[in-house]
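Trainee: With the input below, show me the fold.
(one chain, ligands or ions: 1)
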Amino acid sequence: MKAAANTTMNRDDFEKSLRAKGEFYHIHHPYHRAMYGGECSPEEIRGWVANRYYYQINIPRKDAAIMANCPDAKVRRLWLQRVLDHDGHDGDDGGIEAWLGLAEAVGLTREEVIDQRHVLPGVRFAVDAYLNFARRATWQEAACSSLTELFAPEIHQSRLDSWPAHYPWIRTEGYSYFRKRLSEARRDVEHGLNITLDHFTTADQQARALEILQFKLDILWTMLDALTMAYRHQTPPYHTVADHPVWHRGL
Ligand SMILES: O=C(O)c1cc(C(=O)O)c2c(n1)C(=O)C(=O)c1cc(C(=O)O)[nH]c1-2
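Mentor: From the prediction side, this is the model:
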């Protein structure tokens, strides 16, 4: 559903248009379908976990950038919880640590994940685009870009429902990240959605909000395209000229 260029939507219709973007969520990407369909090799699962680590470590940096651009203390106070969810606080080791737990549960070492040796250039550039957008956009636009979280509980649940049966070699402690995100994403999205519905009130602004959400969907989809080339087609960058990873590890 695309907003007509000159028609302002009421709050409900605008929310429906945002939710309709779920049609393009990465849950429909062939790589994800293969993962929850039980078709992935251990290398394909490991490749996804090691690459997604780069997304995980940049989410709290992205959220800190939004806070830095936001003059409203009430908004910052709520947004801060996202940083704590990932970085941890007293009594909770946080999402990044839980992701490392997932990495170990699928057979990766912490070291090879933390040093980012597996992070493909395409994944890095996509994640960097998200961080850089949050740095330069207004805080309301950056909040809007987090709205793919509308669709995230379903994807986390799909992994909890399908992975244990398909991949018995994954240690069950690894699943705590997905479980943790079920409630966190629902809470986050309520806040992000209210900011978006309150702020984008003209037809042009609503069209822009939908384009921002599409930008974020493009980021998630593009990460999986890069993973497909490397792990499903066995054609990582430079495969025609090198038999080992030559790409940079971040500047
Ligand atoms: O596993 C996923 O498919 C997935 C997707 C997304 C998303 O839709 O951006 C997030 C997460 N997970 C996630 O775990 C997470 O903490 C998160 C934060 C954000 C954000 O944009 O602020 N998205 C996501």
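
Trainee: Now for residue 84, how many residues are close by?
Mentor: 15 (other Cβ atoms under 10 Å). The way it works is simple: take the backbone N, C-alpha and C, and place the C-beta from them, glycine included.

Trainee: quick one: contacts for it?
Mentor: 92, 94 (Cβ atoms under 8 Å, 6 or more residues apart in numbering).

Trainee: which SSE is it in?
Mentor: If you go by DSSP states H and E, residue 84 is part of helix 73-87.

Trainee: now swap in residue 238 and tell me
Mentor: Per DSSP H and E, there is no helix or strand for residue 238.

Trainee: Look up how far residue 155 lies from the residue of the chain at minimum distance from the ligand.
Mentor: Nearest to the ligand, among the residues of the chain, is residue 148, at 3.3 Å (Cβ to the nearest ligand atom). Remark: distance between residue 148 and residue 155 (Cβ to Cβ, to the nearest Å) = 10 Å.

Trainee: ok so, going back, give me the mean pLDDT for the helix holding residue 84.
Mentor: With pLDDT averaged residue by residue, helix 73-87 scores 97.

Trainee: Between residue 148 and residue 155, which contacts overlap?
Mentor: With Cβ under 8 Å, 6+ apart, residue 148 and residue 155 have common neighbours residue 25.

Trainee: one step back: name the residues of the helix or strand following the helix holding residue 84 that are buried.
Mentor: Next helix or strand after helix 73-87 toward the C-terminus (DSSP H and E): helix 95-105. Under the neighbour-count criterion of 16 or more other Cβ atoms under 10 Å, helix 95-105 has 95, 96, 97, 98, 99, 100, 101, 102, 103, 104, 105 buried.

Trainee: can you pull the contacts of the nearest residue to the last one once chain neighbours are set aside?
Mentor: Of all residues not flanking residue 105 in the chain, residue 174 sits nearest, at 2.5 Å (Cβ to Cβ, 6 or more residues apart in numbering). Residue 174 is in contact with 101, 102, 103, 104, 105, 106, counting by Cβ under 8 Å, 6+ apart.

Trainee: With residue 235 instead?
Mentor: Taking Cβ under 8 Å, 6+ apart, one finds residue 229 in contact with residue 235.

Trainee: Next up, phi/psi of it, please.
Mentor: phi -130, psi 70 (degrees, to the nearest 10).

Trainee: let's have the chain start at 93 instead
Mentor: Okay, using 93 as the starting number, the last item reads as residue 327.

Trainee: coming back round to it: is the helix holding residue 176 positioned near the ligand?
Mentor: No - Helix 165-179 does not reach the ligand (Cβ under 6 Å from any ligand atom); its nearest approach is 6.5 Å.

Trainee: just checking, what packs against the strand or helix carrying residue 306?
Mentor: Using DSSP H and E, residue 306 sits in helix 295-319. Judged by 3 or more Cβ pairs under 8 Å, 6 or more residues apart in numbering; DSSP states H and E, helix 295-319 is in contact with helix 103-112, helix 122-128, helix 134-160, helix 213-228, helix 231-237.

Trainee: Single out the most deeply packed of those.
Mentor: helix 231-237 (a mean of 23; mean count of other Cβ atoms under 10 Å).

Trainee: so after it, what's the next helix or strand?
Mentor: helix 244-258.

Trainee: Show me what that following helix is packed up against.
Mentor: Going by 3+ Cβ pairs under 8 Å, 6+ apart, helix 244-258 lies up against helix 122-128, helix 268-291.

Trainee: repeat that for 6 Å
Mentor: helix 268-291 (3 or more Cβ pairs under 6 Å, 6 or more residues apart in numbering; DSSP states H and E).

Trainee: tally of neighbours for the nearest residue to residue 257 once chain neighbours are set aside?
Mentor: Spatial nearest neighbour of residue 257, excluding adjacent residues (Cβ to Cβ, 6+ apart): residue 130 at 7.4 Å. Residues lying near residue 130 (other Cβ under 10 Å) number 11.
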